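Participant: With the sequence up front, the predicted model follows.
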Amino acid sequence: MTRTAAALLSTLLLIATPAPAADQGAADALAQAKSEIDTYYGDVQHLNRAAPLLLKALSAEPGNAAIYVQAARLTIKGGHVVASQFKPGTVEAYNELIDKALALDPALQKAHILKAEVHDIRRQYEQERLSLERARALGESDPWLWVGYARYYLKMGQSNQAFSTYLRVMRMGPGQGPEERNAYVGALNELAGFTLRPEDGVTLQDLGRRVREARHPQDAWALGNFAEQVLWRGMFDEAIDFSREALKTRDYGAARLTLAAALYGKAADQILLKQESGVQALLDEAAALGVSRQRILQHLAEDTPEARRRAPVLERIVR
């Protein structure tokens, strides 16, 4: 968590009083803070700009539950490390801010949706389901509600229900703002991890096109996540294309790893096919990314016939 965000958090956790009359300045500050949080794609300056805006809103409306919801979102984003790993204290603070929001307004749907995520992180799946049910009782139009259900179904091993729920989010479209668009793009990337059938009405190519069209210009993660999905399918050309584009948007480690793995995977396949023209260029580009040999080999290690056939070549060529 950034220093600014930590200072904000300590202030927010001390204050929770009944809301006074709505203040337009507070509403504007809250809207601006939400916009900064919605468009956070790894650039911490967005969170640093959001924090003082939330404090401004709080000073005018200390009992506004929506402020605590946005503070919770800032907290979890600022404390995220990678995958399901968070800096110490992040999840606890996230949960406490959500609880404050619910104490102030038990009918605030977004707080229930976020509370479900807390339970998911803590592997409290029955509590997660109950939070989702409470959120659903307050309306069904928020795509993040359905993202939450799809996440829950996956954890329960109900892949067909997860797939149909992500498909529902896709069919809801990108919405009117970045928060809805992020749910839509996230669902597209999740769908790319499933086996797609003709009757589903969507192809992997269609998903990739939609990701490119809908993503925020600063959202490198959308491209990098799609690159990772096609990498696992052995679609190295597509993985190279998407991860290169992601790195043009923002240079970050996961996209470097995906690109390096895809370049080495393509080089290995060409060597196996005895089509070695251009292989050296692939190896040079991969080596220049600075990803460790161990990480690349681990990333490409799978228990499939294709991966086992490729493994001896990778052992020889990965630097």
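Facilitator: Received the coordinates, thanks. Numbers count the residues shown, from 1 in each chain.

Participant: sec struct for the nearest residue in space to H119 that is not next to it in sequence, please.
Facilitator: Excluding the flanking residues, the one nearest H119 by CB to CB, 6 or more residues apart in numbering is E128, at 3.7 Å. From N, CA and C alone the C-beta is placed, and that goes for glycine too. Following DSSP: H, G, I helix; E, B strand; the rest coil, we place E128 in the helix state.

Participant: Isn't E128 up against I113?
Facilitator: No. The criterion here is CB atoms under 8 Å, and E128 misses it with I113 at 10.6 Å.

Participant: Give the residues shared as contacts by those two.
Facilitator: Residues touching both E128 and I113 (CB atoms under 8 Å, 6 or more residues apart in numbering): G148.

Participant: List the contacts of the residue nearest to H119.
Facilitator: Taking CB under 8 Å, 6+ apart as the test, what E128 contacts is A116, E117, H119, D120, G148, Y152, K155.

Participant: give me the number of residues near the fourth one?
Facilitator: Here the count is done by other CB atoms under 10 Å, and D120 has 20 residues near it.

Participant: quick one: what helix or strand has it in it?
Facilitator: Element membership for D120 (DSSP states H and E) is helix 109-121.

Participant: Figure out how far that helix is from the centre of its chain.
Facilitator: Remark: helix 109-121 is offset 15 Å from the chain centroid, using CA atoms, centre = their mean, to the nearest Å.

Participant: Over to stretch 295-306?
Facilitator: Relative to its chain's centre, stretch 295-306 lies at 24 Å (CA atoms, centre = their mean).

Participant: Over to stretch 28-43?
Facilitator: The answer for stretch 28-43 is 16 Å, by CA atoms, centre = their mean.

Participant: what does it rub up against?
Facilitator: Residues outside stretch 28-43 that contact it (CB under 8 Å, 6+ apart) are 46-47, 49-51, 53-54, 56-57, 60, 64, 66-67, 70, 73-74, 77, 177-179, 182, 216, 218-221, 250, 252.

Participant: can you give me the helices for the stretch 101-250 of the chain?
Facilitator: Under the criterion DSSP state H, counting those that start in this stretch, the stretch 101-250 of the chain contains helices at 109-121, 125-136, 143-155, 159-172, 178-191, 204-214, 220-232, 236-249.

Participant: what angle sits between the third one and helix 109-121?
Facilitator: Put simply, helix 143-155 runs at 20 degrees to helix 109-121, going by axes from the mean of the first three to the mean of the last three CA atoms, to 10 degrees.

Participant: Give me the distance between the two termini of stretch 185-203.
Facilitator: Terminal residues of stretch 185-203 are spaced 15 Å apart (CA to CA, to the nearest Å).

Participant: List the buried residues of that stretch.
Facilitator: Using 16 or more other CB atoms under 10 Å as the test for burial, stretch 185-203 gives V185, G186, A187, L188, N189, E190, L191, A192, G193, F194, L196, V202.

Participant: wait, isn't the fifth one in contact with R210?
Facilitator: Translated: N189. No. The pair N189 / R210 is not scored as a contact, 10.0 Å apart, by CB under 8 Å.

Participant: what's the distance between the residue nearest the centre of the chain and G175?
Facilitator: Among the residues of the chain, the one closest to the centroid is G186, at 6.5 Å (CA atoms, centre = their mean). Distance, G186 to G175, using CB to CB, to the nearest Å: 12 Å.

Participant: what does A101 give?
Facilitator: Here A101 is placed at a distance of 22 Å from G175 (CB to CB).
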